[in-house]
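Novice: quick one, what's the 3D model for this:
(4 chains)
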Protein chains: 2
Amino acid sequence: MSKSAAPETRESISENTTGRLSVYLRCLTYLEQAGEQTISSQELADRFHLNSAQIRKDLACFGEFGTRGVGYNVSRLKEQLVHTLGIDRKRNVLIVGAGNLGMALADYQGFNHSGFEIVALVDRDPDKVGRASRSGIPVLAYDRLETIVRENAVEIGVIAVNAEGAQDVHDALVGAGVNAVLNFAPVQLKTHERVKVRTVDLRINLESLSFFLKNVEDGTF
Amino acid sequence: MSKSAAPETRESISENTTGRLSVYLRCLTYLEQAGEQTISSQELADRFHLNSAQIRKDLACFGEFGTRGVGYNVSRLKEQLVHTLGIDRKRNVLIVGAGNLGMALADYQGFNHSGFEIVALVDRDPDKVGRASRSGIPVLAYDRLETIVRENAVEIGVIAVNAEGAQDVHDALVGAGVNAVLNFAPVQLKTHERVKVRTVDLRINLESLSFFLKNVEDGTF
DNA sequence: CCGCGCTTGTGAAAACTTTCACGCTTTTCG
DNA sequence: CGAAAAGCGTGAAAGTTTTCACAAGCGCGG
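Specialist: Purely as a prediction, here's the structure:
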């Protein structure tokens, strides 16, 4: 987008593509457990209603990993994706906000699996501090955010507070040195150049469904 | 293309565009409360780091609503977006799975606002049935899903169960007549022609952040 | 060890999205 | 009142993503 300076070799992988890579990875993990040895781009495409050429293009972003006439080795490709996505090493996560959503995220399977470790939740409410999520992740005082980030080498912050508090929480996280933020509050955060924010907005998803339903009703679809 | 006054092909509005329309709507709601009368495409663009022409194009999808030399009337545009997105009438929502995530969603502000009403949660666990979320939404028996959907005219189903159960839940919802599904389980659901599924996958979001961090480390970015 | 069926990797084409640029309308101000 | 400024709507250009189509590599059966 704004950053055009570097030689465009490998970082020109778009967000669409990396999203699909994640999906492929999930599928490969399943296939590996199911004992499959190889899979072709066509078989993958069928599972996701995609075009096989697109899958091959996506996978070609980081080298040649298939064997012509055969397909892709499941384990090898999985390892490669894990490496490409940077989840071959653990990344520590801090959740801000120990309400229902924060707690749900803390206990979410698949969050703690595959390379992400939630080190703690923090909350302003003194009643919540000192408790722990069902899976044992402690709730600590919001005041201690910066210390927690530094001592645990937190790389990813999750904002699970309401819209009003989100910008402050963002700024606190960034101030403490966090460069990647997953935001569940329905606001457009003002952020820094070096920081990546991804917002998950539930309302947008519902509204998209509503739009679809409306068009079905109107017979547009 | 049956009854609508708008001449353009309605269904050609892309998902990207409707997502942005939702974002604009959120902003307009805020501006209206702040007492703003009009806003220009440029001012909106600045807020979201978008191009003003894109905003004008997005808004032009459903007719001409701006005034040249002036901009857009905030209230009028908001009403139009509400109508376009189909949230000018209430849509009933049923959440399947009363774990942390289901409960968090049930209590989420902004879910119950603006046109969506969560009628109930359902769960297989007899211990959970009979309880209610903090905001008072009841947890009912999973067996009664079909009845609940019919009696309450549920239009949107939310899947907040684990990956294993998600496909069954999806099929049950669709079987009961639900045409729109918001899926939080990390699986690719096999679905029907007439049904719209949107999947919110937390892992994909985290992995996208991880990819960003990795590229920062590698100096690619 | 040769041909045949399968499947990758990839340029080129098609489709789609975003941005530019400019005509035209409305408001403001001298 | 007329000119300048603001700002929408939109066709055309630029850019990006997806799909097509095909040469080339691999593996197996004969």
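
Novice: same question for the lengthiest helix in chain A, mean pLDDT?
Specialist: Ranked by number of residues, the top helix in chain A under DSSP state H is helix A:15-33. The average pLDDT for helix A:15-33 rounds to 95.

Novice: dump the C-alpha coordinates for it into CSV.
Specialist: Only the C-alpha atoms of helix A:15-33 are listed here, as CSV (Å, rounded to 0.1, in the frame of the first residue of the first chain):
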residue,chain,number,x,y,z
GLU,A,15,-3.9,-10.6,2.5
ASN,A,16,-6.4,-12.7,0.5
THR,A,17,-3.7,-15.1,-0.3
THR,A,18,-2.4,-15.5,3.3
GLY,A,19,-6.0,-16.0,4.4
ARG,A,20,-6.3,-18.9,2.0
LEU,A,21,-2.9,-20.2,3.1
SER,A,22,-4.3,-20.5,6.6
VAL,A,23,-7.3,-22.4,5.3
TYR,A,24,-5.1,-24.8,3.4
LEU,A,25,-3.0,-25.3,6.5
ARG,A,26,-6.0,-26.3,8.5
CYS,A,27,-7.0,-28.7,5.9
LEU,A,28,-3.5,-30.2,5.6
THR,A,29,-3.3,-30.7,9.4
TYR,A,30,-6.5,-32.7,9.1
LEU,A,31,-5.3,-34.7,6.1
GLU,A,32,-2.1,-35.5,7.8
GLN,A,33,-3.9,-36.9,10.8
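
Novice: tell me the contacts of the nearest residue to residue A:172 once chain neighbours are set aside?
Specialist: Leaving out its chain neighbours, the residue that sits closest to residue A:172 by C-beta to C-beta, 6 or more residues apart in numbering or on different chains is residue A:145, at 5.5 Å. Where C-beta positions appear, they are placed from N, C-alpha and C, glycine not excepted. Contact analysis of residue A:145 by C-beta atoms under 8 Å, 6 or more residues apart in numbering or on different chains lists A:94, A:96, A:122, A:172, A:173, A:176.

Novice: and for residue A:184?
Specialist: Contact analysis of residue A:184 by C-beta under 8 Å, 6+ apart lists A:101, A:158, A:159, A:160, A:199, A:200, A:201, A:202.

Novice: tabulate those residues (TSV), appending secondary structure.
Specialist: Compiled in TSV, the contacts of residue A:184 are given as follows (DSSP: H, G, I helix; E, B strand; the rest coil):
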residue	secondary structure
A:101	helix
A:158	strand
A:159	strand
A:160	coil
A:199	strand
A:200	coil
A:201	coil
A:202	helix
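
Novice: any idea how far the nearest residue to residue A:81 once chain neighbours are set aside lies from residue A:199?
Specialist: Among residues not flanking residue A:81 along the chain, residue A:25 sits closest, at 4.4 Å (C-beta to C-beta, 6+ apart). Note on residue A:25: its distance to residue A:199, by C-beta to C-beta, to the nearest Å, is 22 Å.

Novice: neighbour-wise, which of these two wins?
Specialist: Neighbours were tallied for residue A:25 and for residue A:199 using other C-beta atoms under 10 Å in any protein chain shown; the higher tally belongs to residue A:25 (22 against 18).

Novice: which helix or strand contains the residue nearest the centre of chain A?
Specialist: Geometric centre of chain A, nearest residue: residue A:182, 7.6 Å, by C-alpha atoms, centre = their mean. Applying DSSP states H and E as the criterion places residue A:182 in strand A:180-183.

Novice: that strand close to chain B?
Specialist: Yes: judged by C-beta under 8 Å from any C-beta of the partner chain, strand A:180-183 and chain B are in contact via A:180, A:181, A:182.

Novice: got the contact list for the first one?
Specialist: When you say that, I think you mean residue A:180. Taking C-beta under 8 Å, 6+ apart, we find residue A:180 in contact with A:155, A:156, A:157, A:195, A:196, A:197, B:209, B:210, B:212, B:213.
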